[in-house]
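Peer 1: Everything below, folded, please.
(one chain, ligands or ions: 1)
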Amino acid sequence: MNDQEIIDIETRYMANVFSKKPVVLTKGKGALVWDINGKEYVDCSTSYGVALLGHCHPKVVAAVQAQAEQLITCHGSYYNDKRAEFVQKLVQITPKGLDKVFMSNSGAESVECAIKVARKFTGKPEIIALMGAFHGKTMGALSATWDKKYREPFLPLVPEIKHVAPDNPDKIREAITEKTAAVLMEPIRGEGGVRVPPDGYLQAVREICDKRNILFILDEVQTSFGRTGKLFGCENWDVIPDVMCLAKPFAGGLPIGITVAKENVMSSLKVGEHSTTFSGSPLVCAAGCAAVDALVEEQLVDRAAEMGRYLKSALESLQSKHRIVKEVRGLGLMLGIELRYEVYNVILKAAERGVLVLDAGRTVVRLLPPLVINKKQIDRAINVLDDVLGEEEIERANSSPVPN
Ligand SMILES: Cc1ncc(COP(=O)(O)O)c(C=O)c1O
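Peer 2: Have a look, this model is predicted:
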């Protein structure tokens, strides 16, 4: 099949729910991917933050190959060696006290479990989330997601989930009622535009939750596994939540969701109250063991911090060069370039020239490169963005910027 045939088949038979780019990817290695015609791309999208170890990390590939010959599936109602190994490795790296795990298959599912556990533990229904938040698109997670374009077609959503303005602890204080079970937020809002909270915010929310006896849930689906230059995003502010949602990179590219909570909190879920068929499958757990080993042994968290500084300063130099760039923000290798215009063209043009980047809302170009990216590959991406932003600036010269 050639690229057009592949595009035609997907278009013909698949639900039209993704904003597709005309690129047919067939191979990946480290920070690079190739399309079906052999064209090479620097991947600063990592499948929306999944391929943090780079594509096809050799340790993950070997672990998956070996486990596939041993046992692929094993329901949670039986015990399994790889599952035990993975969960043990996991709780060795999670923040202190977070050591009781439920495994699922996606970020949204990790949020579903967190919402259920919060309601069950507290016996209360209400969840406070943030305006601008993104927590996924299943009905519970969607109810905590902010953007009305995702929510409105599916009303009514799960009740008693409300949103308050971000970055201001008073808004949370004011929103808490006797019905409140938990506050749920991302440490850095990813989809919401790569928005880093002001220093002190997460600590203040932690204190409020302690004082008012409600749970603090952090959705670290995008900010964990070294992404922000720390193992978990919350470590940037020395805060430990009661429940943490994990997903994307934890199984080296295979589907996974993880909800990890304090022992007493997770123990409120009784047999049968929450489960999923694929929870903790041996294949995924074998990949997860290899992924966590690679992260630790190759010291990729420190590398993310170093490469993140390098990439951010290169992006800042683009900001001083191109008026079209309003702001550069983010932590580690989770970075956003806010433009004065819509970014869709920039993303398409960058892809045409061999660099894959993401959006985060209408005006933000989001870069989520793998932790293994090197300076040469970063320079390559920056050169392409430099050209594309320069051209965009000329093309936009007579159009008005997107209002604030
Ligand atoms: C912070 C956050 N939470 C939840 C999700 C949903 O994860 P998934 O797409 O795996 O359901 C995402 C996805 O991007 C996310 O960024």
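
Peer 1: In the stretch 1-150 of the chain, which residue sits closest to the ligand?
Peer 2: At 2.2 Å from the ligand, Gly107 is the closest residue in the stretch 1-150 of the chain, using CB to the nearest ligand atom. Glycine gets a C-beta too; all of them are placed from N, C-alpha and C.

Peer 1: Tell me, how many residues neighbour that residue?
Peer 2: By other CB atoms under 10 Å, 29 other residues sit near Gly107.

Peer 1: just the one 10 residues further on next, same as before
Peer 2: The criterion is other CB under 10 Å. On that basis, Val117 has 27 neighbouring residues.

Peer 1: which element is it on?
Peer 2: Counting by DSSP states H and E, the element that carries Val117 is helix 107-122.

Peer 1: can you check Glu306 too?
Peer 2: helix 300-321.

Peer 1: helices or strands up against that helix?
Peer 2: Counting by 3 or more CB pairs under 8 Å, 6 or more residues apart in numbering; DSSP states H and E, the packing neighbours recorded for helix 300-321 are strand 325-331, strand 334-339, helix 375-395.

Peer 1: Could you list the residues of the protein in contact with the ligand?
Peer 2: 48, 106-108, 111, 134-136, 186, 190-191, 219, 221-222, 247 (CB under 6 Å from any ligand atom).

Peer 1: Give the ChimeraX command for selecting the buried subset of those.
Peer 2: This is how ChimeraX selects the buried members of the residues of the chain next to the ligand, with burial counted by 16 or more other CB atoms under 10 Å:
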select :106,107,108,111,134,135,136,186,190,191,219,221,222,247
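
Peer 1: From the residues of the chain next to the ligand, which land in helices?
Peer 2: Residues of those located in helices (DSSP state H): 48, 107-108, 111.

Peer 1: Can you convert those residues into a markdown table and add a column each for distance to Glu85 and pLDDT?
Peer 2: Listed next are these as a markdown table, based on distance: CB to CB, whole Å; pLDDT from 0 to 100:
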| residue | distance to Glu85 | pLDDT |
| --- | --- | --- |
| Tyr48 | 27 | 98 |
| Gly107 | 23 | 98 |
| Ala108 | 26 | 98 |
| Val111 | 26 | 99 |
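
Peer 1: Correct me if wrong: Thr145 contacts Ala133.
Peer 2: Yes. Thr145 lies in contact with Ala133 (CB atoms under 8 Å); the separation is 6.2 Å.

Peer 1: quick one: which of these two has more around it?
Peer 2: With neighbours defined as other CB under 10 Å, Thr145 and Ala133 compare such that Thr145 has more, 25 against 20.

Peer 1: can I get the helices and strands packed on helix 300-321 in a markdown table with mean pLDDT and mean neighbour count?
Peer 2: Putting those into a markdown table (pLDDT from 0 to 100; neighbours: other CB atoms under 10 Å) gives the following:
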| stretch | mean pLDDT | mean neighbour count |
| --- | --- | --- |
| strand 325-331 | 98 | 20 |
| strand 334-339 | 98 | 25 |
| helix 375-395 | 96 | 17 |
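
Peer 1: Can you lay out those as TSV showing distance to Arg151?
Peer 2: Formatted as TSV, those follow (distance: least, CB to CB, whole Å):
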stretch	distance to Arg151
strand 325-331	25
strand 334-339	23
helix 375-395	31
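
Peer 1: can you tell me which residues contact the residue of the stretch 1-150 of the chain closest to the ligand?
Peer 2: Listed by CB atoms under 8 Å, 6 or more residues apart in numbering, the contact set of Gly107 reads 135-136, 141, 219, 221-222, 245, 247-248, 257.

Peer 1: can you list the domains in this protein?
Peer 2: The chain resolves into domains spanning 3-57+299-395, 71-297 when parsed by automatic domain parsing.

Peer 1: Distance to Gln65 added to those, as TSV?
Peer 2: Formatted as TSV, the domains of the chain follow (distance: least, CB to CB, whole Å):
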stretch	distance to Gln65
domain 3-57+299-395	11
domain 71-297	9
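
Peer 1: hmm, back to that, would you mark the buried spots in the helix holding Glu306?
Peer 2: For helix 300-321, by 16+ other CB under 10 Å, it's 300-301, 303-305, 307-308, 310-312, 314-315, 318-319.

Peer 1: Quick one: mean pLDDT over it.
Peer 2: Average pLDDT, helix 300-321: 98.

Peer 1: Show me the helices in the stretch 101-250 of the chain, by range?
Peer 2: 107-122, 139-144, 148-151, 169-175, 201-212 (DSSP state H, counting those that start in this stretch).

Peer 1: Alpha carbons of the second one, in PDB - could you do that?
Peer 2: Listed in PDB are the C-alpha atoms of helix 139-144, where the atom choice follows Å, rounded to 0.1, in the frame of the first residue of the first chain:
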ATOM      1  CA  MET A 139     -17.700  10.600  30.700                       C
ATOM      2  CA  GLY A 140     -16.200  11.000  34.200                       C
ATOM      3  CA  ALA A 141     -12.900  12.400  33.000                       C
ATOM      4  CA  LEU A 142     -14.700  14.600  30.400                       C
ATOM      5  CA  SER A 143     -16.800  16.000  33.200                       C
ATOM      6  CA  ALA A 144     -13.600  17.300  34.800                       C
END
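
Peer 1: what's it packed up against?
Peer 2: Here helix 139-144 touches helix 107-122, helix 148-151, going by 3+ CB pairs under 8 Å, 6+ apart.

Peer 1: What lies in contact with whatever helix or strand Ala350 lives in?
Peer 2: In this structure, Ala350 sits in helix 344-352 according to DSSP H and E. Contact with helix 344-352 is made by 21, 23, 41, 339, 356-359, 365, 384-385, 388-389, 391-392, 395, as judged by CB under 8 Å, 6+ apart.

Peer 1: Just the closest of those residues to the ligand, please.
Peer 2: Using CB to the nearest ligand atom, Leu358 is the member of the contacts of helix 344-352 that sits closest to the ligand, with 9.8 Å.

Peer 1: who touches the closest one in this structure?
Peer 2: 44-45, 48, 347, 365-368.

Peer 1: at 6 Å what do you get?
Peer 2: 45, 366 (CB atoms under 6 Å, 6 or more residues apart in numbering).
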